[in-house]
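Colleague: Just to be clear, the model below is a prediction. Sequence and coordinates:
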Amino acid sequence: MPHKPPTKEELERRKIVGINEETITDVSSTDFPGHYPGEDHSWDIESFRRGFRIEFHQNDPFEASFSLIGVDASIANAFRRIMIADIPTLAIETVFINNNTSVIQDEVLSHRLGLIPFKGGHEGLHKFLKWWRKPTDEALVNNSYYDYNTVSLRLEVQCEHNDKAAAGETDPTKLYKHAHVYARDIEFCPVGRQDKYFSGADIIAPVNPDILIAKLRPGQEISLSMHMHKGVGSDHAKFSPVATASYRLMPVIKIERPILGRDAEKFARCFPRGVIGLEKVTKKEAAQKGSGYEGHDGELKAVVVDPMRDTVSRECLRHDEFKGKVKLGRRRDHFIYLVESTGQWESDAIFLEAVAHLKKRAADLEKQVINMVR
Amino acid sequence: MPRATARKEEPAEAGSDIVMDEAPTSHQPEGRDDMSVDQDDENDEAGDVEEDDAEEEEEEDVQRVRLLPGSTPTAASFEFLNEGHTLGNALRYIIMKNRDVEFCAYAIPHPSEAKMNVRIQTFEGTTAIQALEKGLQDLQELCDVVTDKFIDAREKFAASASS
Amino acid sequence: MSREEYQVPTGSGSATGGGGGGGSFNAPAARDYAGESGGTMYYMCGDCAVRVPLEKGAAIRCQKCGARVLYKERTKRMVQFEAR
């Protein structure tokens, strides 16, 4: 029996993960050779290029949202995981505390300092700065700090009484000088060529100057210096370039039989605002036999306006009046990414870096495999 | 939790703190006036490159892929060091897309060992190693396409947002 | 060298130079405690928070308010932590 190529509808149907009230269906991809008799599905870069699409929804330095359409979950997930765990950033790694008489303990203070995100000149951060590796020989540790692998910072704050404070003042920030220690109090100490890469607007500074580090009272002091190194998120979360990098699958809402009048209004309320719209049934639709609109001319009907905004709460499946009228699902190959940068990279650059990283990993392993055979 | 260590000094007199000023001075290189780097920037740069190369080569030298015992040409298991689900699952997908591959799966035998195993069984006419190499090449091609399309989409979005 | 023997790097130090560029990393200069070394130890009064100098063998008592609870001062050594 000659095999018929799948219809467009069939191909669409294969991409949908079904969502029922309590269960889900068709979770796994089926686009592999040998899955459907007579169909190929083997990897072809040209057909991938034809079927693959990216759409941007938002592109700000601290938040980017875009859709990858026509790619498998394993690839999409690799990009997401790389963004979180494998893209290097610069963060405080070592704290040398000379004095800390504040109420916050040295360990806790160090930990807090480590988590502060920093920004700086991109060329310096991404090209000039290299990894710092702790020498195995402890004696060499102090010889391992260079301008291209270590950034030095200082934090010197002393709290004092403010003589100019009004009598009866109770606000500690007015009563005392430096009652609050903020991230902006951290001072960058350039060394060697760092002056060239990190000066002016490119200076190494906290992304958010208003992060509260500690609170002091008169007589208390924090005096410390810090070393920053490059690291990756798989080592410690402070090195992750993103606050979140996540994706979700595009929701699909299919209204299979008309939902009209009061039901339509109730249906719209089952979804987040903007997902379902209400339109009037046209004369033409009402005249069409078997459409379900007969005799409902001018009544309101529910239409799907923007499924992307849906949270797939499945609320509409709980009501008997919608039974059999609506089908929920998600598109298996449509990934809506949300990347929130912590500020050291631009959000969109993080994704590009992740793609480049995956490519490099594959290239390195290819060399390794060739080497293995030899 | 962070670890703290106060430095132990050479036997000091009881009750007297060693003052930092008395401590031996730095172990940092002296003489190279690196604060004014500009004039011998190139030399330094060269020094860096050399050092980095050495480091990278060191890494390259470590063979991270191994053919596990019991493998035949068309049915082989590979062990990857320092790889995880990120590459494992992507590689599994792209190898499964090869029509000459009968079976492909990956596993991380133990979460506390940084090892990832890939099993490939192929039909006659190709070998598991060839399938693995093709998979890695396909993955690189895929990344190029994603990069191109991403840059295009970003430009289009910037144009539509500004207009 | 173990970490316990760590010395704050200062710019004036000397050692055989390794390859590469780079500069020296100055931890802030040690705070000036000159004149405080010697036989006198300082404590904090538990009541009035005044700094109490005590000679060897002296009575443990705040000279200002007479309180007998005295606290040790924080170490003057640099302490190194990992920011983790």
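Modeller: Done, it's in. This is a predicted model, so every value here is computed, not measured.
Colleague: The residue lying closest to A:Lys280 once chain neighbours are set aside and chain C: what is the separation?
Modeller: In this structure, A:Lys280 finds its nearest non-sequential neighbour in A:Gly298, 5.7 Å apart by Cβ to Cβ, 6 or more residues apart in numbering or on different chains. For the C-beta atoms, the positions are set from N, CA and C on the backbone; glycine is no exception. From A:Gly298 across to chain C, the span is 67 Å (Cβ to the nearest Cβ, to the nearest Å).
Colleague: Now do whatever helix or strand A:Leu68 lives in: which elements does it pack against?
Modeller: Using DSSP states H and E, A:Leu68 maps to strand A:64-69. On a contact count with 3 or more Cβ pairs under 8 Å, 6 or more residues apart in numbering or on different chains; DSSP states H and E, strand A:64-69 meets strand A:53-59, strand A:326-341, helix A:347-373, helix B:128-162.
Colleague: Which positions within the second one qualify as buried?
Modeller: When neighbours are counted by 16 or more other Cβ atoms under 10 Å in any protein chain shown, the buried residues of strand A:326-341 are found to be A:326, A:328-341.
Colleague: Could you do the last one as well?
Modeller: With burial defined by 16+ other Cβ under 10 Å, the residues of helix B:128-162 counted as buried are B:128-136, B:138-143, B:145-146, B:149-150, B:153-154, B:157.
Colleague: can you check the third one too?
Modeller: Of all the residues in helix A:347-373, those buried under the rule 16+ other Cβ under 10 Å are A:347-359, A:361-362, A:365-366, A:368-369, A:372.
Colleague: Could you count how many residues lie near A:Glu294?
Modeller: Using other Cβ atoms under 10 Å in any protein chain shown, A:Glu294 is surrounded by 14 other residues.
Colleague: What is the burial count for the nearest residue to it once chain neighbours are set aside?
Modeller: Excluding its sequence neighbours, the residue lying closest to A:Glu294 (Cβ to Cβ, 6+ apart) is A:Ala286, at 6.2 Å. A:Ala286 has 15 neighbours, counted by other Cβ under 10 Å.
Colleague: where's A:Ala286, which helix or strand?
Modeller: helix A:283-287.
Colleague: after that helix comes which helix or strand?
Modeller: Note on helix A:283-287: by DSSP H and E, the next helix or strand toward the C-terminus is strand A:300-304.
Colleague: Report the mean per-residue pLDDT for that following strand.
Modeller: Strand A:300-304 carries an average pLDDT of 95.
Colleague: do you know how far A:Lys174 is from A:Lys284?
Modeller: Counting by Cβ to Cβ, to the nearest Å, the gap from A:Lys174 to A:Lys284 is 72 Å.
Colleague: ok so, going back, out of the buried residues of strand A:326-341, which one sits closest to chain B?
Modeller: For the buried residues of strand A:326-341, the closest approach to chain B (Cβ to the nearest Cβ) belongs to A:Tyr337, at 10.5 Å.
Colleague: and A:Gly120, what is it in contact with?
Modeller: A:Leu90, A:Tyr197, A:Phe198, A:Asp202, A:Ile203, A:Ile204, A:Ala205, A:Gln344 (Cβ atoms under 8 Å, 6 or more residues apart in numbering or on different chains).
Colleague: Buried ones among those?
Modeller: The buried subset of the contacts of A:Gly120 - by 16+ other Cβ under 10 Å - is A:Leu90, A:Tyr197, A:Phe198, A:Asp202, A:Ile204, A:Ala205, A:Gln344.
Colleague: With just CA atoms, put the host helix or strand of the first one into PDB.
Modeller: Meaning A:Leu90. Assigned by DSSP H and E, A:Leu90 falls within strand A:89-100. Written as PDB, here are the backbone C-alpha positions of strand A:89-100 (Å, rounded to 0.1, in the frame of the first residue of the first chain):
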ATOM      1  CA  THR A  89      30.100  36.200  35.000                       C
ATOM      2  CA  LEU A  90      32.300  38.200  37.300                       C
ATOM      3  CA  ALA A  91      31.400  38.000  41.000                       C
ATOM      4  CA  ILE A  92      33.000  38.600  44.400                       C
ATOM      5  CA  GLU A  93      34.800  35.400  45.400                       C
ATOM      6  CA  THR A  94      37.100  36.200  48.300                       C
ATOM      7  CA  VAL A  95      36.600  38.700  51.100                       C
ATOM      8  CA  PHE A  96      39.500  39.900  53.200                       C
ATOM      9  CA  ILE A  97      38.000  41.400  56.300                       C
ATOM     10  CA  ASN A  98      40.200  43.800  58.200                       C
ATOM     11  CA  ASN A  99      37.500  44.900  60.600                       C
ATOM     12  CA  ASN A 100      33.800  44.300  61.000                       C
END
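Colleague: gap between the closest residue to A:Glu285 other than its chain neighbours and chain B?
Modeller: With Cβ to Cβ, 6+ apart as the criterion, A:Glu285 has its nearest non-adjacent residue at 4.3 Å, and that residue is A:Tyr293. With distances taken as Cβ to the nearest Cβ, A:Tyr293 is found 36 Å from chain B.
Colleague: number of nearby residues for A:Tyr293?
Modeller: 20.
Colleague: Can you report phi and psi for it?
Modeller: Here is the backbone geometry of A:Tyr293 (degrees, to the nearest 10): phi -100, psi 0.
Colleague: Let me see the contact set for it.
Modeller: A:Tyr293 is in contact with A:Pro258, A:Leu260, A:Val281, A:Glu285, A:Ala286, A:Lys301, counting by Cβ under 8 Å, 6+ apart.
Colleague: cool, and B:Lys115?
Modeller: Going by Cβ under 8 Å, 6+ apart, B:Lys115 touches B:Glu79, B:Phe80, B:Leu81, B:Glu83, B:Ile108, B:Pro109.
Colleague: Inside strands: which ones of those residues?
Modeller: Members of the contacts of B:Lys115 lying in strands (criterion: DSSP state E): B:Glu79, B:Phe80, B:Leu81.
Colleague: picking up where we left off before, could you check which of A:Lys174 and A:Lys284 is surrounded by more residues?
Modeller: A:Lys174 (13 against 10).
Colleague: Would you double-check that the more buried one falls in a helix?
Modeller: Yes: assessed by DSSP: H, G, I helix; E, B strand; the rest coil, A:Lys174 belongs to a helix.
Colleague: Distance of it relative to chain B?
Modeller: 34 Å.
Colleague: element containing the residue nearest to that residue when sequence neighbours are not counted, please.
Modeller: Spatially, and ignoring its direct neighbours in sequence, A:Lys174 is nearest to A:Ala165 (5.4 Å; Cβ to Cβ, 6+ apart). Using DSSP H and E, A:Ala165 falls within no helix or strand.
Colleague: tell me the contacts of A:Ala165?
Modeller: Residues in contact with A:Ala165 (Cβ under 8 Å, 6+ apart) are A:Lys174, A:Leu175, A:Tyr176.
Colleague: now those residues as JSON lines including pLDDT?
Modeller: As requested, those are exported to JSON lines (pLDDT from 0 to 100):
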{"residue": "A:Lys174", "pLDDT": "94"}
{"residue": "A:Leu175", "pLDDT": "95"}
{"residue": "A:Tyr176", "pLDDT": "95"}
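Colleague: Closest one of those to chain C?
Modeller: Checking the contacts of A:Ala165 against chain C with Cβ to the nearest Cβ, the nearest one is A:Tyr176 at 15.6 Å.
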